[in-house]
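Peer 1: no FASTA, just this:
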């Protein structure tokens, strides 16, 4: 029983690293950049479009949902509601979306 020692068993039981250490940064090709940048650009464009429409229709929304004697206060209420509701929607719908992914 020359090869079966406790020290040899412990040495063999030490887990080895799964991957090699990174020696140089990963190279990104154009296809990878486009597949990650295109959805980001589209999402930003959709969000911008959403707020432009909200700003254009803020006059109508202000008169309907936030009636007051001051038109500036009506506009502030209508446009500010979007900034309040959007994070609230993310908090409520985020876990639901993450569970489906």
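Peer 2: Looks like it came in fine. Only a predicted model underlies this, so the values are computations on that prediction, with no experimental measurement involved.

Peer 1: alpha carbons only for contacts and neighbour counts from here, please
Peer 2: Fine.

Peer 1: so what secondary structure elements neighbour the helix ranked longest in the chain?
Peer 2: As assigned by DSSP state H, the longest helix anywhere in the chain is helix 71-100. Judged by 3 or more CA pairs under 8 Å, 6 or more residues apart in numbering; DSSP states H and E, the packing partners of helix 71-100 are helix 58-65.

Peer 1: Next, the angle from the helix it packs on to helix 71-100.
Peer 2: 90 degrees (axes from the mean of the first three to the mean of the last three CA atoms, to 10 degrees).

Peer 1: and helix 58-65, which residues are buried?
Peer 2: 58-59, 61-62 (16 or more other CA atoms under 10 Å).

Peer 1: now swap in stretch 63-80 and tell me
Peer 2: Those would be 66, 74-75, 77-79, for stretch 63-80 by 16+ other CA under 10 Å.

Peer 1: and which of the buried residues of helix 58-65 is nearest residue 70?
Peer 2: The nearest member of these to residue 70, counting by CA to CA, is residue 62 at 10.5 Å.

Peer 1: quick one: contacts for the closest one?
Peer 2: Residues near residue 62 by CA atoms under 8 Å, 6 or more residues apart in numbering: 74-75, 77-78.

Peer 1: ok, those residues vs residue 46, which is closest?
Peer 2: residue 78 (19.6 Å).
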